[in-house]
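J.: Can you look at this prediction? I've put the sequence above it.
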Amino acid sequence: MTSDTGVAIVIMGVSGVGKSTIGKMLAKSLNGCFIDADDYHPQFNKDEDRIPWIETLRDALIARSVNGGTVILGCSALKESYREILRHADARYVRGSYMCSVKFVLLEVGAGILGARLEKRAAEGQHFMPAKLLESQLDLLQIDEAEGILRVDASQDPQTTLKNIQTLIGS
């Protein structure tokens, strides 16, 4: 990905923060496309080795951002090593520099709100992740301030969250 091939923004965070909802809204507002990482999960197991899955997502970012396209990816991207793979969607990226055209926005929500959201989704049959696994996801989340990840409070309504992201990314 280079400056003439497009924009990639990864909306990241644990289950229940609103990655899909906010990602779709952001893609629409930027006249781009949205990729939901969950659609790329192998159906046989959502908890095994994630590297091939992340590499597939990286390739999808590259494919969807050609010719100046804008692509928004909703993906947990909890580990720095996963984000490192996604950064390689930018052909100019130098490992460890964190300077690239793939931007990350972390949606943050308190554990109590997350638990309630996940329980509601599970009751409605809308989500595969049980609320009891939330703690393990929160434990996995690794953020190094040097990465320059933008942080947004996603405990508010989706429109407010979207406006806050738009302000941070300058759109």
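T.: Perfect, thanks for sending it. These numbers were taken from a predicted model, which means no experiment stands behind them.
J.: the helices in this protein, which residues?
T.: For the chain, the helices defined by DSSP state H cover 19-29, 51-65, 80-87, 111-123, 134-140, 158-169.
J.: Dump those helices into TSV; add mean pLDDT as well.
T.: Output for the helices of the chain, formatted as TSV (pLDDT from 0 to 100):
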stretch	mean pLDDT
helix 19-29	97
helix 51-65	92
helix 80-87	94
helix 111-123	76
helix 134-140	74
helix 158-169	96
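J.: Now render these as TSV, adding mean neighbour count and distance to residue 96.
T.: Yep, even glycine has a C-beta here, placed from its N, CA and C like the rest. Converted to TSV, these look like this (neighbours: other CB atoms under 10 Å; distance: least, CB to CB, whole Å):
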stretch	mean neighbour count	distance to residue 96
helix 19-29	20	26
helix 51-65	18	16
helix 80-87	20	8
helix 111-123	15	31
helix 134-140	14	21
helix 158-169	16	23
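J.: Residue 41: which of those helices is closest?
T.: helix 51-65 (6.2 Å; CB to CB).
J.: Identify the residues contacting that closest one?
T.: Here helix 51-65 makes contact (CB atoms under 8 Å, 6 or more residues apart in numbering) with 1, 5-8, 33, 35, 37, 40-42, 71, 73, 75, 82, 85-86, 88-89, 102.
J.: if we can go back for a sec, now tabulate the helices of the chain in a markdown table and tack on distance to residue 93.
T.: Formatted as a markdown table, the helices of the chain follow (distance: least, CB to CB, whole Å):
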| stretch | distance to residue 93 |
| --- | --- |
| helix 19-29 | 22 |
| helix 51-65 | 11 |
| helix 80-87 | 5 |
| helix 111-123 | 31 |
| helix 134-140 | 23 |
| helix 158-169 | 18 |
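J.: Please identify which of those helices is closest to residue 149.
T.: With distances scored as CB to CB, the stretch of those nearest to residue 149 is helix 80-87 (8.0 Å).
J.: what's in contact with that closest one?
T.: 10, 12, 50-51, 54-55, 57-58, 61, 73, 75-77, 93, 95-96, 98, 100, 102, 104, 142-144, 147.
J.: Then stretch 146-161?
T.: 12-13, 17-18, 21-22, 25, 80, 83, 98, 103-110, 113, 143, 164-165, 168-169.
J.: Check which residues of that stretch are buried.
T.: 149, 150, 152, 154, 155, 161 (16 or more other CB atoms under 10 Å).
J.: Could you dump the residues you listed into TSV and include distance to residue 117?
T.: Formatted as TSV, these follow (distance: CB to CB, whole Å):
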residue	distance to residue 117
149	21
150	21
152	16
154	10
155	10
161	13
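J.: what's the most distant pair in these?
T.: 149 and 155 (17.7 Å).
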